[in-house]
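J.: for reference, the sequence and a predicted model appear below.
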There are 4 protein chains.
Amino acid sequence: MFEAQDSHFEKRVRDSFARQEAMKTINASLEKVAAGEVTITMPYQRNLTQQHGFIHAGIVATILDSACGYAAFSLMPANAAVLTVEYKINLLAAAIGKKLSAYGHVIRSGRTITVCNGEVFAYDDKQDKKIVATMQSTIMAVFDREGVES
Amino acid sequence: MFEAQDSHFEKRVRDSFARQEAMKTINASLEKVAAGEVTITMPYQRNLTQQHGFIHAGIVATILDSACGYAAFSLMPANAAVLTVEYKINLLAAAIGKKLSAYGHVIRSGRTITVCNGEVFAYDDKQDKKIVATMQSTIMAVFDREGVES
Amino acid sequence: MFEAQDSHFEKRVRDSFARQEAMKTINASLEKVAAGEVTITMPYQRNLTQQHGFIHAGIVATILDSACGYAAFSLMPANAAVLTVEYKINLLAAAIGKKLSAYGHVIRSGRTITVCNGEVFAYDDKQDKKIVATMQSTIMAVFDREGVES
Amino acid sequence: MFEAQDSHFEKRVRDSFARQEAMKTINASLEKVAAGEVTITMPYQRNLTQQHGFIHAGIVATILDSACGYAAFSLMPANAAVLTVEYKINLLAAAIGKKLSAYGHVIRSGRTITVCNGEVFAYDDKQDKKIVATMQSTIMAVFDREGVES
């Protein structure tokens, strides 16, 4: 549906993801990287839960924000850096199960602003999935800003 | 401005916070707990950053979501459990510095739905602060739902 | 995908829509009503524009909020009233053309809370369409509240 | 708190507001215009209601979106045009009374992106007010874009 401006977009996304220390800390992995679409997965971990034993809403948002941000980044020119302007997330069901999978995809890609939607699914032992969160986010391409490399 | 229904609200908030494993993992501390207002702080940590070395937007949201959720929880009756329905966060500046402080406060408290606003500030070595994020969130009181204790 | 609890849902939605005076004022029409899905259209009107001659973002949101609200309402029991808790809308392109069409659909339907997504499309003279807005909204079923009839 | 770059900001805001045909249609008036702060009021009107006789959430958002957009616009350079990127609104109470007053104010003003918060209050016959809505919005300065004049 979308065409990347930079043919090396997958390498660019994977290199940037590898620099996100937060992803290592929460054991998140970058799965699919396509033009305008990114999937990130994370196993259920007791040390990332809220008071009822569900994965904390903020952690659910962390993998989904990265999935949406990199979906946007995949369509940006090679010299762009990517920043999240804002996002909104609805928590639909308890984030509990074997693993979580966050899928971010671009709705509209502009020169400065990209808008993405995303969903997080929880998988149980039988690989059955249910939706646990949905996000709408606004991502910005930044050029030549100090401290913000592409 | 708000009056708590349950005089033991502070203990209830602190006990619940102590059960959030995610807060321990990111070294977040519960500071102020007042009726309708909660502050949570967290030191800057390299292992929670995104690709530019700023604290990841999702982690910024994690402490702010907890601050807003517990601000709402402080006004709920003793038998209520608290769940985040949704939130929206704008990232205003790079989340970098010595520590982050998240302040959540109730805008309107209803029987089922509570609406909160919140801000995250970054402090530098000289204790100067700047605003790095602002949130608007919708929190729900839940009663007698399996798996969701107060 | 969704099954209505109340077999008379379409009549219930159309009757309620007919009581929305705001819809008459902006010449909005209720098109499709299915279980969990509603479409509302509106001709382009100069008297609903912002300073550049585009339909005002708030008016775009007005038809999309109604589309999402009625999509949620279609799945509620016959004695429920419907209220919008909150919504978030991204404006993707200038809302200009021959007419606007707002499509609201349910993502998750709960006893109290329903979450919807929606899109507004602008049609030109040749019936080509482009997306102009996307919404994520939280809708609430209300029972026995004074002043809020089903 | 904020200082305007363009000393003629008030005239610029009032001229642009006067070109918003939607504001005339809903009888909205521009009240206060200060650097980073705008108030817009609107009488209660039966022809702008939803099915329970409250002002439609979309119309509440229309005046608040304009208030926030013009609060942002007041701080932009003289050659900038203003567009709403997105907003999120929580409806807190029934929008009913004698009149509504929307107050938009800037939280952070950047070169491209401005973030605003806003509230709508309903006034009754005795000039008592209650809060009915709260918004968080993202506004963009646009330069030299065809069809979008300052």
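T.: Okay, I see it.
J.: now the strands for chain A?
T.: A:29-34, A:37-43, A:81-91, A:99-109, A:113-123, A:129-142 (DSSP state E).
J.: nearest to B:Ala94, of the ones you listed?
T.: strand A:81-91 (8.9 Å; C-beta to C-beta). The way it works is simple: take the backbone N, C-alpha and C, and place the C-beta from them, glycine included.
J.: tell me what the closest residue to A:Val120 other than its chain neighbours is bridged to.
T.: Nearest residue to A:Val120, sequence neighbours excluded (C-beta to C-beta, 6 or more residues apart in numbering or on different chains): A:Ala133, at 4.2 Å. With DSSP bridges as the criterion, A:Ala133 is bridged to A:Leu91, A:Val120.
J.: pretty sure A:Val115 is touching C:Ile89, no?
T.: No: A:Val115 is beyond contact range of C:Ile89, at 10.6 Å (criterion: C-beta atoms under 8 Å).
J.: same drill for those two, tell me which one is more crowded.
T.: Shown here are A:Val115 and C:Ile89; by other C-beta atoms under 10 Å in any protein chain shown, C:Ile89 has more neighbours (29 against 24).
J.: so the more buried one versus C:Thr134, what's the distance?
T.: 7 Å (C-beta to C-beta, to the nearest Å).
J.: same check, this time on A:Ala133
T.: Taken as C-beta to C-beta, the span from A:Ala133 to C:Thr134 is 17 Å.
J.: quick one: which of the two has more around it?
T.: A:Ala133 (26 against 22).
J.: not counting its neighbours along the chain, what's nearest the residue nearest to the spatial centre of chain A?
T.: Geometric centre of chain A, nearest residue: A:Ala67, 1.4 Å, by C-alpha atoms, centre = their mean. Of all residues not flanking A:Ala67 in the chain, A:Gly104 sits nearest, at 3.3 Å (C-beta to C-beta, 6+ apart).
J.: what about the closest residue in space to A:Glu3 that isn't next to it in sequence, how many residues nearby?
T.: Spatially, and ignoring its direct neighbours in sequence, A:Glu3 is nearest to A:Ala35 (6.1 Å; C-beta to C-beta, 6+ apart). A:Ala35: 18 surrounding residues under other C-beta under 10 Å.
J.: could you do the one 5 residues further on as well?
T.: Here the count is done by other C-beta under 10 Å, and A:Ile40 has 28 residues near it.
J.: so what's it up against?
T.: Each residue near A:Ile40 by C-beta atoms under 8 Å, 6 or more residues apart in numbering or on different chains is listed here: A:23, A:28-31, A:63-64, A:66-67, A:70, A:101-102, A:104.
J.: against B:Ala93, how distant is A:Arg145?
T.: 12 Å.
J.: and the longest helix for chain A?
T.: helix A:57-73 (DSSP state H).
J.: now for that one, which elements pack on it?
T.: helix A:9-18, helix A:21-25, strand A:37-43, strand A:81-91, strand A:99-109, strand A:113-123, strand A:129-142, helix B:57-73 (3 or more C-beta pairs under 8 Å, 6 or more residues apart in numbering or on different chains; DSSP states H and E).
J.: highest average neighbour count across the ones you listed?
T.: helix B:57-73 (a mean of 30; mean count of other C-beta atoms under 10 Å in any protein chain shown).
J.: so for that one, what's the average pLDDT?
T.: Helix B:57-73 shows a mean pLDDT of 98.
J.: please apply the same query to stretch A:98-107.
T.: Stretch A:98-107 comes out at a mean pLDDT of 98.
J.: again with stretch A:2-18
T.: The model assigns stretch A:2-18 a mean pLDDT of 97.
J.: how far out from the middle of the chain is it?
T.: 14 Å (C-alpha atoms, centre = their mean, to the nearest Å).
J.: stretch A:62-69 now?
T.: Counting by C-alpha atoms, centre = their mean, stretch A:62-69 comes out at 2 Å from the chain centroid.
J.: residues contacting the closest residue to A:Tyr70 other than its chain neighbours?
T.: Nearest in space to A:Tyr70, with sequence neighbours left out and distances taken as C-beta to C-beta, 6+ apart, is A:Val38 at 4.3 Å. Contacts here follow C-beta under 8 Å, 6+ apart; on that basis A:Val38 touches A:Val13, A:Leu30, A:Lys32, A:Ser66, A:Ala67, A:Cys68, A:Tyr70, A:Ala71, A:Ser74, A:Tyr103, A:Gly104, A:His105.
J.: OK, contacts around A:Gly36?
T.: A:Met1, A:Phe2, A:Ala4, A:Ala71, A:Ala72, A:Ser74, A:Leu75, A:His105, A:Val106, A:Ser109.
J.: got the residues of chain A near chain C?
T.: Residues of chain A lying near chain C by C-beta under 8 Å from any C-beta of the partner chain: A:88, A:90, A:92-93, A:107-108, A:115, A:117, A:131, A:134-136, A:138.
J.: let's have those residues in TSV, adding distance to B:Gln51.
T.: Putting these into TSV (distance: C-beta to C-beta, whole Å) gives the following:
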residue	distance to B:Gln51
A:Lys88	23
A:Asn90	26
A:Leu92	29
A:Ala93	30
A:Ile107	23
A:Arg108	23
A:Val115	21
A:Asn117	22
A:Ile131	28
A:Thr134	25
A:Met135	19
A:Gln136	22
A:Thr138	18
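J.: which of those sit farthest apart?
T.: A:Ala93 and A:Arg108 (27.8 Å).
J.: so what's the residue nearest to A:Ala67 bridging to?
T.: Bridge pairing for A:Gly104 - DSSP bridges - gives A:Val38, A:Gly118.
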